[in-house]
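[1] Model the following, please.
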Amino acid sequence: MAMTATKTDVSSTSGYHDKLLGLLGSRDPMEVLASMPDTLDRIISAHPSAVLRRRPYAERWTWTPLEVLGHLIDAEIVYGYRVRLILCEDRPTILGMDQEKWVVGQRYNEREPRELLADFRALRGSSLRLWRLIGPAEEKRVGVHNERGEESLGLMRKMNAGHDLSHIEQLTKYLKALAG
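    Here you go, the predicted model:
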């Protein structure tokens, strides 16, 4: 789902929540979040940089595997900001982002895979330290997303983990297609 600064209808919002929460299922979101850097490391290490820079489908535009990794870095920055905003302010407004523009504008496909992975690992480490400080009462704190409405910290943690799983599926699919 491309996130932009415009309103989306409620049915697509519910579909986005349902997709991410469905991918997470009964798994512990903290375990999923904590395992992501090593999961990405295994994926990135198994493929040469040239493969990670290729688009998997000639018939339509998609991100490259490196751009997916770049998007995960962007998401980590955005989620980190949103969590801090909700934790420290009362019912703050949370803005969406145009993920396509962020990925293209930061030229992730020109960067080195290990550099991107190191960036992600550092950002995720910081996020995990913060998540571990958030107790049950704080999980109920909410922000108001300009596209999706009210979201609690508890929901955001689950969505962040589901987002990880969604992009692991995407990377797996793309790399399979690139292997031909």
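
[2] Poorly predicted segments of this structure, please.
    Filtered on pLDDT under 70, the chain yields the residue ranges 1-13.

[3] what's around the nearest residue to Leu33 once chain neighbours are set aside, how many residues?
    For Leu33, the nearest residue in space outside its immediate sequence neighbours is Ala161; the separation is 5.3 Å by CB to CB, 6 or more residues apart in numbering. Any C-beta I mention is one placed from the backbone N, CA and C, and that applies to glycine too. By the criterion of other CB atoms under 10 Å, Ala161 has 24 neighbours.

[4] now do Arg27
    Taking other CB under 10 Å as the definition, Arg27 ends up with a neighbour count of 14.

[5] I figured it hits Ala161, correct?
    Yes. Using CB atoms under 8 Å, Arg27 is in contact with Ala161, at 7.2 Å.

[6] about what we covered before: just want to check the distance between the residue nearest to Leu33 and Arg107.
    Distance, Ala161 to Arg107, using CB to CB, to the nearest Å: 28 Å.

[7] what's the answer for Tyr174, then?
    Applying CB to CB, one obtains 19 Å for the distance of Tyr174 from Arg107.

[8] okay, these two: which has more neighbours?
    For the pair Tyr174 and Arg107, the greater number of neighbours falls to Tyr174 (23 against 11), based on other CB under 10 Å.

[9] can you give me phi and psi for the closest residue to that one other than its chain neighbours?
    Among residues not flanking Tyr174 along the chain, Pro56 sits closest, at 4.1 Å (CB to CB, 6+ apart). The phi and psi values for Pro56, taken as degrees, to the nearest 10, are phi -80, psi -20.

[10] Would you tell me what helix or strand Glu150 is located in?
    Secondary structure from DSSP states H and E places Glu150 in strand 149-152.

[11] Paired strands for that strand, with orientation please.
    Strand 149-152 sits in its sheet next to strand 142-145 (antiparallel), going by DSSP bridges.

[12] circling back to that earlier point, now for the helix or strand following the strand holding Glu150, which elements pack on it?
    Once the chain leaves strand 149-152, the next helix or strand it forms, by DSSP H and E, is helix 153-179. Other elements packing on helix 153-179 under the criterion 3 or more CB pairs under 8 Å, 6 or more residues apart in numbering; DSSP states H and E are helix 10-24, helix 29-45, helix 65-88, helix 136-139.

[13] Now do the longest one and helix 153-179, the angle between them.
    In this case it means helix 65-88. Taking axes from the mean of the first three to the mean of the last three CA atoms, to 10 degrees, helix 65-88 and helix 153-179 form an angle of 180 degrees between their directions.
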